[in-house]
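**Q** Just to be clear, the model below is a prediction. Sequence and coordinates:
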Amino acid sequence: MRFLQQLTIPSLLLLVIVTPISATFYTNVSSIPTLHLLNATRSAWETFEKLAGCHVGDKADGLSKLKQYFSRFGYISSSSSAANFTDDFDDVLKSAISAYQKNFNLKATGKLDAPTLRQIVRPRCGNPDMVDGASEMNAGRKLLRTVAAARYSFFPGKPRWPKRNRDLSYAFVPRNNLTEEVKQVFARAFTRWSDVTPLNFTRSESVFKADIVIGFFSGDHGDGEPFDGPMGTLAHASSPPTGMFHLDGDEDWLISGDETNRRIMPVTSVVDLESVAVHEIGHLLGLGHSSVEDAIMYPAISGGDRKVELAKDDIEGIQYLYGDGGSSRRSETSGGAEFWRGLGFSLSSIATCLLLICC
Ligand SMILES: [Zn+2]
Ligand SMILES: [Zn+2]
């Protein structure tokens, strides 16, 4: 299975998997214990740092694990001869490194130089950057009306939510027992996308009826993409219209609602939840990764960073899929919205009355 865009496991299956999560939610920076600051450099992939300087022809402990890393994120095809993951630095690994360097705006040397290794060990989204060795992440396609090059990408086939479904609902896995404060982080994240599209998002209390189901899971949680404990991969999400949004239950999260993009802490192992949520919602709506570092859809984020505001690249990508319904819709009179809300309420009241009468 090549990740969640091909996922067919029903969401319901995940709801019955009992995996205790250890996530802690910090409401502000000052509540984060010093220990987390001291552990800032720990990473699921920190062993890669000792591979610095390796090149074609070398054999070194850890190269097989590095190949698994590149395979996981789509840089080595699962059908490749290198999929046996030996500790040999071969040409397949070299071309994987080159493609990775191109996607992350690094000098494409094909060598494990220091800037490349620093990027590799950063915490990141679990969704792949490439599918079957192909990538649009840094394709730089020309936009029709501007001279700028777009870096956004889509899932293969450009799946999106159907036109009849512009009002999407989301629900939280009940087993996580999330507080209202945590749920509000996700509400803010959804608003950032509804502000620039015709899409609306409303919270549902039913995971069975919701379009999007959000849950924190630890380790192997049944979709073939296990989480890896603190740091490493932080979350992953499916393409439309599957609606599965999973976060690593072993991360520690900051849930303060500070509005701006910035470094909010020294380097730390605590991750800003809204930043990750805005990114994963981009996937849920059909966006792939972007090589623009300021973009929400850039795959990596360091602990202590907050990035919640959509960049031009994100907006152009999402509006390619759904059009610009945001600004024109909000300029409509609120009276009209009130009218429709009122009508909806009246209709639901009538339906309730009919049900009561009929029963
Ligand atoms: Zn991602
Ligand atoms: Zn998952």
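**A** Perfect, thanks for sending it. Ligands and ions are numbered 1, 2, ... in the order given.
**Q** how about the one helix or strand I214 maps to: buried residues?
**A** Per DSSP states H and E: I214 is located in strand 212-217. Neighbour counts using 16 or more other CB atoms under 10 Å place I212, V213, I214, G215, F216, F217 of strand 212-217 among the buried residues. All C-beta atoms are positioned from the backbone trio N, CA, C, and that covers glycine.
**Q** Tell me the predicted confidence for S77.
**A** On the pLDDT scale, S77 is placed at 84.
**Q** how far away is the residue in the stretch 51-200 of the chain positioned nearest to ligand 2 from ligand 1?
**A** Ranked by CB to the ion, the top residue of the stretch 51-200 of the chain for proximity to ligand 2 is G126, at 7.6 Å. When distance is defined by CB to the ion, to the nearest Å, G126 is 7 Å away from ligand 1.
**Q** ok but that residue is inside a helix, no?
**A** No. Going by DSSP: H, G, I helix; E, B strand; the rest coil, the assignment for G126 is coil, not a helix.
**Q** Give the buried residues for stretch 75-91.
**A** Buried residues in stretch 75-91 (16+ other CB under 10 Å): Y75, I76, S77, A82, F85, D88, F89, D90.
**Q** Kindly reformat those residues as TSV containing secondary structure and distance to ligand 1.
**A** Formatted as TSV, the buried residues of stretch 75-91 follow (DSSP: H, G, I helix; E, B strand; the rest coil; distance: CB to the ion, whole Å):
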residue	secondary structure	distance to ligand 1
Y75	coil	15
I76	coil	19
S77	coil	20
A82	helix	24
F85	coil	24
D88	strand	30
F89	coil	28
D90	coil	28
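**Q** The residue in the chain positioned nearest to ligand 1 - how many residues pack around it?
**A** At 2.9 Å from ligand 1, C125 is the closest residue in the chain, using CB to the ion. For C125, the neighbour count with other CB atoms under 10 Å is 23.
**Q** For it, which residues are in contact?
**A** Listed by CB atoms under 8 Å, 6 or more residues apart in numbering, the contact set of C125 reads T233, L234, A235, H236, V276, H279, E280, H283, H289, P299, A300.
**Q** hang on, the earlier thing: between the buried residues of strand 212-217, which sits nearest ligand 2?
**A** Among the buried residues of strand 212-217, F217 lies closest to ligand 2 (CB to the ion), at 6.0 Å.
**Q** which non-adjacent residue is nearest D228?
**A** A44 (4.4 Å; CB to CB, 6 or more residues apart in numbering).
**Q** With F154 instead?
**A** Distances taken as CB to CB, 6+ apart place G288 nearest to F154, at 5.4 Å, with adjacent residues excluded.
**Q** What count of nearby residues applies to that neighbour?
**A** G288 has 25 nearby residues by other CB under 10 Å.
**Q** what do you get for the one 5 residues further on?
**A** Applying other CB under 10 Å, we find 12 other residues in the vicinity of E293.
**Q** and if you look at P299?
**A** 24.
**Q** So it sits against P123, correct?
**A** No. Between P299 and P123 there is no contact under CB atoms under 8 Å: 9.9 Å.
**Q** Please, which helix or strand holds the residue positioned nearest the centre of the chain?
**A** For the chain, the residue nearest the mean C-alpha position is E280 (2.8 Å; CA atoms, centre = their mean). Assigning secondary structure by DSSP H and E places E280 in helix 273-285.
**Q** picking up where we left off before, kindly reformat the contacts of C125 as JSON lines containing pLDDT.
**A** Converted to JSON lines, these look like this (pLDDT from 0 to 100):
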{"residue": "T233", "pLDDT": "95"}
{"residue": "L234", "pLDDT": "96"}
{"residue": "A235", "pLDDT": "98"}
{"residue": "H236", "pLDDT": "98"}
{"residue": "V276", "pLDDT": "97"}
{"residue": "H279", "pLDDT": "98"}
{"residue": "E280", "pLDDT": "98"}
{"residue": "H283", "pLDDT": "98"}
{"residue": "H289", "pLDDT": "96"}
{"residue": "P299", "pLDDT": "97"}
{"residue": "A300", "pLDDT": "95"}
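**Q** looking at the residues you listed, which has the most residues close by?
**A** H289 (30 neighbours).
**Q** quick one: secondary structure of that residue?
**A** Under the three-state scheme (three-state DSSP), H289 adopts coil.
**Q** That one touches S153, doesn't it?
**A** Yes. Judged on CB under 8 Å, H289 makes contact with S153 at a distance of 6.0 Å.
**Q** Quick check: neighbours shared by the two?
**A** Listed as contacting both H289 and S153 by CB under 8 Å, 6+ apart are M137, M297.
**Q** nearest residue to G53 other than its sequence neighbours?
**A** Closest to G53 by CB to CB, 6+ apart is L112, at 6.6 Å.
**Q** er, T179 I mean
**A** F25 (7.3 Å).
**Q** Run through the residues that contact that neighbour.
**A** Taking CB under 8 Å, 6+ apart, we find F25 in contact with T179, E181, V182, D252, W253, L254, I255, L273.
**Q** before we move on, what about K307?
**A** Per CB under 8 Å, 6+ apart, neighbours of K307: N261, D272, S275, V278, D294, I296, I301.
**Q** likewise N105?
**A** N138, S291, E293.
**Q** what helix or strand does the residue of the stretch 201-350 of the chain found nearest ligand 2 sit in?
**A** Taking CB to the ion as the measure, the point where the stretch 201-350 of the chain comes nearest ligand 2 is H246, at 3.4 Å. Applying DSSP H and E as the criterion places H246 in strand 244-248.
**Q** I appreciate the help and will end here.
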